[in-house]
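>>> Using only what follows, build the 3D model:
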Amino acid sequence: MALFPFCKSPAGPVRMNRIQLLLCCFLLSLIIYFFNGRKAAASLESAHPLSQVLGMKDGMILKDMSSMKTVDSKTPQETSWGAPMVWGDSHNSVWRRAKLSERGIRVGLLALVVGTYARFVRHFLYSAENHFLPGQMVTYYILTDNPRTLDPPVELGPGRQMKVLPAAELPGWDRLAYRRMVLFAEALWGSIGKEVNYIFCVDVDQEFVGPVGEEILGDLVATLHPEFFEMPRNNFPYEDQEESSACVEEDEGDYYYTSEFYGGVVSQMRRLLRECSLLILQDEANKVMAKGLEESYLNRYLIDHRPTCVLSPEYSWWDSPLTAHVPKKRLISLGRQCEAYDIEKRELQRC
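Prediction:
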């Protein structure tokens, strides 16, 4: 039975076959167009609720018909072993602050103040009062060779106190860097370990310039070195002298940490300071000096005992061409800036 009842004529079959062919092509086109149109419509209908669920379009996050930029991929939120990498304004940090802020936490800040470093201590304390763990109980432990530096006493807020501990003057930066961890270890095995839950070792030539809250708390806390944060591992200044106890092999290490701010719970910090002190004393007995001094031993330890909380360079920053960009500065080194200024001044004098 024919699909179309065409009239017959002598020349009809040829002409009719052509007409039938054209009509079939036209019908086939309509059928293809019809099914493709249905498919496209289905795709559009399903894409609309999916975009609402996922909230993404063209690299943007859509929420309540308003757009916000996606999170910068250069600010990782976690290490390869699952420890949080702390950025102060991240959602994770907000959650950690909310979770811990209502608990009664006792935190100690331990600093060595000897020789010319006394000029920084009062400014350091004022900045900590304004920005360091507001609302928590904080004790400042100041190891110093000159207690009169703190006269008259700095006025502290509620729940805050300062304890001055005697320390012998250690002339020379290299000697100071070798002895500081030993002095910290001895102090922590004393009464300090019974008075606080967390202890942070900090360089006194620094200034808190932004909020530093409960997001920094963890069992073992290390801070990324601001000059090596975005550099490849082969640029890290790990100790390479094989005779040194701080030596790091080529296939070891994840990050390079600064010795200007690190801490954790008392038990973990006792272990860290004791083991680093033993490595330092061992090298000293063998007349070996690690190139990075105290920082070399800290990095050796943190390779063997990975930190449970890693602070971003926001928590240890100084002005340098190598320093990584951070969203917000929270703790900056005044000593590094003074050192850079002195070097520049000497270079200008030579010219």
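>>> does the closest residue to His225 other than its chain neighbours sit in a helix or strand, and which one?
Excluding its sequence neighbours, the residue lying closest to His225 (Cβ to Cβ, 6 or more residues apart in numbering) is Thr258, at 4.3 Å. Every C-beta, even on glycine, is put in place using the N, C-alpha and C of the backbone. Using DSSP states H and E, Thr258 maps to strand 257-265.
>>> downstream neighbour of that strand in the secondary structure list?
For strand 257-265, the following helix or strand on the C-terminal side (DSSP H and E) is helix 266-285.
>>> Next, the buried residues of that next one.
Neighbour-count burial for helix 266-285 flags 266, 268-270, 272-277, 279-280, 283 (criterion: 16 or more other Cβ atoms under 10 Å).
>>> about what we covered before: quick one: the residue nearest to His225 and Trp318 touch, right?
No. Taking contacts as Cβ atoms under 8 Å, Thr258 lies outside contact range of Trp318: 9.6 Å.
>>> Which one of those two is surrounded by more residues?
Using other Cβ atoms under 10 Å as the criterion, Thr258 and Trp318 rank with Thr258 on top: 25 against 22.
>>> now the more buried one, which residues is it bridged with?
Counting by DSSP bridges, Thr258 is bridged to Thr223.
>>> For it, give its distance to Asn235.
Going from Thr258 to Asn235 by Cβ to Cβ, to the nearest Å gives 15 Å.
>>> go on, Gly135?
For Gly135, the distance to Asn235 (Cβ to Cβ) stands at 40 Å.
>>> With Leu23 instead?
Relative to Asn235, Leu23 is positioned 74 Å away (Cβ to Cβ).
>>> Ok, Ser259 next?
Per Cβ to Cβ, Ser259 is found 18 Å from Asn235.
>>> which one of these two has more residues nearby?
Neighbour count, other Cβ under 10 Å: between Ser259 and Asn235, Ser259 has more, with 24 against 12.
>>> Find the residue ranges of the stretch 1-150 of the chain scoring beneath the pLDDT cut-off.
For the stretch 1-150 of the chain, applying pLDDT under 70 flags the ranges 1-22, 24-74.
>>> change it to 80
Within the stretch 1-150 of the chain, the segments meeting pLDDT under 80 span 1-75, 101-103.
>>> my guess is Cys201 contacts Tyr141, does it?
No. Counting by Cβ under 8 Å, Cys201 does not reach Tyr141; the two are 9.7 Å apart.
>>> what's the overlap in contacts for these two?
Shared contacts of Cys201 and Tyr141, defined by Cβ atoms under 8 Å, 6 or more residues apart in numbering, are found at Leu110, Ala111.
>>> Which parts of the stretch 101-250 of the chain are helices?
Along the stretch 101-250 of the chain, counting by DSSP state H, counting those that start in this stretch, helices occupy 118-131, 173-187, 193-195.
>>> and Glu214, which of those helices is closest to it?
Glu214 lies closest, by Cβ to Cβ, to one member of the helices of the stretch 101-250 of the chain: helix 118-131, at 13.0 Å.
>>> So for the chain, the centremost residue is which one?
Geometric centre of the chain, nearest residue: Ser312, 1.7 Å, by Cα atoms, centre = their mean.
>>> Disregarding flanking residues, what is the spatial nearest neighbour of that one?
The nearest residue in space to Ser312 (Cβ to Cβ, 6+ apart) is Trp87, at 5.0 Å.
>>> Now for the one you found: which residues touch it?
Residues in contact with Trp87 (Cβ under 8 Å, 6+ apart) are Thr75, Gln77, Ser93, Ser312, Glu314, Pro327.
>>> The last one contacts Ser93, doesn't it?
No. Pro327 lies out of contact with Ser93 (Cβ under 8 Å); the separation is 11.3 Å.
>>> In terms of packing, which of the two has more residues around it?
Set side by side, Pro327 and Ser93 show more neighbours around Ser93, with 20 against 13, by other Cβ under 10 Å.
>>> thinking again about what came up before, Pro313 versus the residue nearest to Ser312, what's the distance?
10 Å.
>>> Apart from its chain neighbours, what residue comes closest to Pro153?
Once chain neighbours are set aside, the closest to Pro153 by Cβ to Cβ, 6+ apart is Met162, at 7.1 Å.
>>> do Gly104 as well
Among residues not flanking Gly104 along the chain, Met137 sits closest, at 7.0 Å (Cβ to Cβ, 6+ apart).
>>> Just list whatever residues bridge to the one you found.
Beta-bridge partners for Met137, by DSSP bridges, are Arg106.
>>> same check, this time on Leu143
Assigned bridge partners for Leu143, using DSSP bridges, are Leu112, Leu165.
>>> so it touches Ala168, yeah?
No. Checked against Cβ under 8 Å, the pair Leu143 and Ala168 is beyond contact range at 9.9 Å.
>>> More neighbours: these two, which one.
Comparing Leu143 with Ala168 by neighbour count (other Cβ under 10 Å), the higher total belongs to Leu143, at 21 against 9.
>>> Return the residues in contact with the more buried one.
Applying Cβ under 8 Å, 6+ apart to Leu143 gives the contacts Leu110, Ala111, Leu112, Val113, Val114, Leu165, Pro166, Ala167, Leu183, Phe184, Ala187.
>>> check contacts around the last one.
Same thing as Ala187. Contact analysis of Ala187 by Cβ under 8 Å, 6+ apart lists Leu110, Tyr141, Leu143, Leu165.
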